[in-house]
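Trainee: What follows is a predicted protein model with its sequence.
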Amino acid sequence: MDLPTRSGPPAVEPHPAGCHLCGSTTGPLLPDPIAEQGQLICSRGCQTAPTTDAAAKDTRKGESTLSSDVLDLLAAIRDATGLPLPSTADADEIAWRNLMHRRLIDLHAVLSVSLSPEYVARLDPAELAADLRARTAAAPVTYTLWQPAALTAAEVDACTVCRRPFDPADTRWDGAARHRDTTYCRACVNRCHDTEIADHRCPICARGDR
């Protein structure tokens, strides 16, 4: 009776003695820590040189490598979801939420159908943009927009943080004179000691909480 023999691990195919990315054998070569065992990579060049898209390399700063149809589609998405702020009335805030919800549903429907396996092969950005713009036009803004409160004559001549009237003669570093062409007095600006901290809450930056 023949006993089954224990087979060893499968033989490992040797990798070519060169960089597995560019094929260079000039070296120096090092093991690639994120590739299969035994694969090598250039210690210079492939490992350190950033990859640059050819189209992006030939594009001047401020220009896009995307087609005009794709840019128009992105603009249509921006216009569909960029609703203006409503007034503080409850009815307007509810209308804003309902309209945003409808716009997002329309956007999801357009993109879901277009990216489905049946249609993605013949995806047309211009057609998508036109469809989305038509849906956006069919759901216009009907609520009252937010408007900043009009300032009285007294408020125009007072600091918007501490509400003290400006005193042009009080030009001390913590005085009541207007700071340059801002709506703040010199004293309130002086109390802002943390302008280099991203989330600081000084009297100037926290004025909206008052």
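Mentor: Noted; the coordinates are in hand. Numbers count the residues shown, from 1 in each chain.
Trainee: which residues touch Cys159?
Mentor: Counting by C-beta atoms under 8 Å, 6 or more residues apart in numbering, Cys159 makes contact with 166, 176, 178, 183-185, 187-188. Just so you know, the C-beta spots here come from the backbone N, C-alpha and C atoms, and that holds for glycine as well.
Trainee: Could you rerun that using 7 Å?
Mentor: 166, 183-185, 188 (C-beta atoms under 7 Å, 6 or more residues apart in numbering).
Trainee: Could you pull up the contacting residues of Ala129?
Mentor: Residues counted as contacts of Ala129 (C-beta under 7 Å, 6+ apart) are 72-73, 76.
Trainee: Surely it is within a helix?
Mentor: Yes. With DSSP: H, G, I helix; E, B strand; the rest coil as the criterion, Ala129 is part of a helix.
Trainee: On the pLDDT front, check it for me.
Mentor: With respect to pLDDT, Ala129 scores 94.
Trainee: ok, now how distant is it from Ile94?
Mentor: Distance from Ala129 to Ile94, counting by C-beta to C-beta, to the nearest Å: 29 Å.
Trainee: ditto for Thr171
Mentor: Using C-beta to C-beta, Thr171 is found at 49 Å from Ile94.
Trainee: now do Arg133
Mentor: Taken as C-beta to C-beta, the span from Arg133 to Ile94 is 25 Å.
Trainee: Tell me which of those two has more neighbours.
Mentor: Legend: neighbour count by other C-beta atoms under 10 Å for Arg133 and Ile94, higher for Arg133 (16 against 12).
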